[in-house]
Structure formats: structure tokens, C-alpha cells
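Trainee: Give me a 3D structure for the following:
(one chain, ligands or ions: 1)
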Amino acid sequence: MSLLDRVAIVGSRGQLGVDLMAAFADLLPLAFDRPAFDLTDTATMSAAISAARPTLVINTAAFHEVERCEAEPAPAFAVNALGVDALAGLCASVGAVLMHVSTDYVFDGASRVPYPESAPLSPLSAYGVSKAAGELLIARHGSRFFIVRTCGLYGVAGSRVKGTTFAETMLRKAASGEILHVVGDQTVAPSYTRDVARAMRAIAASGRFGIYHVTNAGSCTWHGFAAEILRRAGVDARLEEIGSAAFASRARRPAYSVLAHEGLQAIGYAMPSWQEGLHDYLLARGLLKPSAPA
Ligand SMILES: NC(=O)c1ccc[n+]([C@@H]2O[C@H](COP(=O)([O-])OP(=O)(O)OC[C@H]3O[C@@H](n4cnc5c(N)ncnc54)[C@H](OP(=O)(O)O)[C@@H]3O)[C@@H](O)[C@H]2O)c1
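Mentor: Alright, predicted model coming up:
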């Protein structure tokens, strides 16, 4: 039996989940969604997994509202740590491989060079700690797993939690004449979910288990990302750079979240740049200025 015989996607309605359903469409993936499949209810997961006997379970589901996690760590740990632990155990019990989506927030951002997959975990926030715990708990069920850490996701479906993306928020505010205040002291690799989903398909097909960093290539600050969104959409707006200290937030965020792609390099897969990802996203959303650079 091959890894790709029966693929199931947890959180298929999320922004990454929708693009994963598309990236695996030829394999007719199963959608494991709430309420029939809930990471906080092991019985639902057990029933679905025993009935479907998947060979690969891709988990995008998370409690990932960073500020809420800080205020309410219990539900964050219930989903991101204990729910993932139970899911990994159930996968192991039927011989399925788990591919789990994690985050750049497992690092503290003190580095000034991209984090390799092997860098020690050093989360700053309750969200980051809960995701790091999820990663560590997966490993106790064996070595046949993939962990895919990504960063700054945006996709055509939009985040289920926020109902939108950073780009749409910038363009909406610009259209209403608001001054855009955007942080310039957090360096990230904004990542288009379609590009991330395609890379995850390549990772699964490689059969090479382990931890992978999957982001669009290159990096920018959120302010730089906003400037590029406005430029490519052909929108004039007042964009002002601010420091993250200007935001009243409980959670500490990494100042530098760039992830090295050593795992992808090992399987011979190269990610498009963040500018290419943005271009493709704006095109797919019908937001690209017709004469914008590719
Ligand atoms: N967004 C980012 O910038 C970012 C950055 C780095 C890493 N990540 C990671 O990437 C993954 C995907 O993020 P996303 O932006 O695609 O999220 P999203 O759009 O909010 O989608 C999350 C999906 O998970 C499902 N879900 C939530 N709690 C669940 C539970 N208890 N049981 C079952 N399903 C549950 C949601 O179900 P419903 O359809 O029922 O709402 C939704 O379909 C997450 O693991 C996140 O930690 C995200």
C-alpha cells in the first residue's frame, strides 16, 4: 500500500485546507471536518479513522488566534498539543502517516539568519508553546511523520478565523482612505497557501519523513509586504511604518521568522519567491493591476 492511496485532510475548509484539497484533487482526498472530526473529541477522530483507514492524514487544524491563545491557553493546548497527540496516536494505530502543519512561532526570532529545520524550539507565546508541544508529542508515536512549518499564510479562501487575508485588509483600508499603519520590525516570509499546498504534495510524494520548512522564498517586513501589495494592485494609499511595540498585544511575536528550506532542498524542490506567490494570489483574486510586473 502506498502513502498516497487514501489521503485525508483535516480542516479542509480552511485557507490551506482548500488549496490542499486542490493539490491532492486527483487522489480524491477525504475531508475530515468538524463536527464529525474534531481534534478536541478523540471519539470522533477514532470513528472516522477506523472507518476510512487513511494512509496519509494531513492536519491543518489548529487553534491559532495568537492573542486568544495567550488569554486562553487551555483550548489552545487542547487542540494544538493534546488533540494532535491523540491524532498521531490514532494514525499510528492504523498505520497511517501524519503530515502536520506547524508554525514559525515555535522559534523566538532572535536569529538573523534563516532557521534550519533542526534549530532548537524556543517559542515566545502560548500559541507557539502549544504548537511546539504538538510537534514533540507527534514524535512519541514513531518516526513516520512529516511536520511542515510555515509562516504568514494567505490564500484565496481566506483564513476561517479572520475571514480575510492581510492583503485584502490592506486593500480594503486603502479603498476607504484610511492611513495604513504596518509594522516594519517583524521579518517574515509571507506564504501563498497554493504554493505551500503544492510543496506539501511533493513532500508526501518523496516519502522522506521528517521536518520541513515550507514558505515562499525570500523575506520582507509586514510593511514591505503591504507596500508590494499596494504596488501590484495599483492602489495609492498612505502607508506608514510603525514598530510592533505600538500594538497593545499580550503575545510576544518573533522579530525574525524566516525559515531555511533544507528539507525541500534535499528532495530537490524549490519554492517560488514571495513576490511570485503574491502575484499569483492577486491574479487569482482578480486584484492584480493589469500592467503589474510578474
Ligand atoms: N495563518 C497563518 O498565518 C499561519 C502561519 C503559520 C502556520 N499556520 C498554521 O497553518 C495551519 C492552517 O492555517 P489556516 O490559516 O489555513 O487556518 P484556517 O483558515 O483558520 O483553517 C483552520 C481549519 O482548521 C479547522 N479546525 C479548527 N479547530 C478544529 C478542531 N478542533 N477540530 C477540527 N478542525 C478544526 C477549522 O475548521 P472549521 O472549518 O470548522 O472552522 C478550519 O477548517 C494551522 O495549523 C496554523 O497553525 C498558520
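Trainee: Can you list the low-confidence ranges for the stretch 151-294 of the chain?
Mentor: Along the stretch 151-294 of the chain, the parts satisfying pLDDT under 70 run over 292-294.
Trainee: Please enumerate the helices of it.
Mentor: With DSSP state H, counting those that start in this stretch as the criterion, the stretch 151-294 of the chain has helices at 166-175, 193-206, 222-233, 262-266, 274-284.
Trainee: Contacts only, for Asp33.
Mentor: Contact partners of Asp33, counting by CB atoms under 8 Å, 6 or more residues apart in numbering, are Val10, Gly11, Ser12, Arg13. To be clear about C-beta, it is placed using only N, CA and C from the backbone, and glycine gets the same treatment.
Trainee: tell me the secondary structure for the residue nearest to the third one when sequence neighbours are not counted?
Mentor: Excluding its sequence neighbours, the residue lying closest to Ser12 (CB to CB, 6 or more residues apart in numbering) is Ala31, at 3.7 Å. When classified by DSSP: H, G, I helix; E, B strand; the rest coil, Ala31 comes out as strand.
Trainee: For the most centrally placed residue in the chain, name its beta-bridge partners.
Mentor: By CA atoms, centre = their mean, the chain has its centre lying nearest to Thr150, at 4.5 Å. Here Thr150 shows beta-bridge partners Thr103, assigned using DSSP bridges.
Trainee: pretty sure the residue nearest to Ser12 contacts Ile9?
Mentor: Yes: with contact defined as CB atoms under 8 Å, Ala31 reaches Ile9; the gap is 6.0 Å.
Trainee: list the contacts for the residue in the chain that the ligand sits nearest to?
Mentor: The chain approaches the ligand most closely through Gly14 (2.1 Å), counting by CB to the nearest ligand atom. Contacts for Gly14 (CB under 8 Å, 6+ apart) come out as Thr60, Ala61, Ala157, Ser159, Arg160.
Trainee: how about the strands in this structure?
Mentor: Assigned by DSSP state E, the strands in the chain fall at 7-10, 30-32, 56-59, 97-103, 145-150, 153-154, 180-183, 187-188, 191-192, 210-213, 220-221, 239-242.
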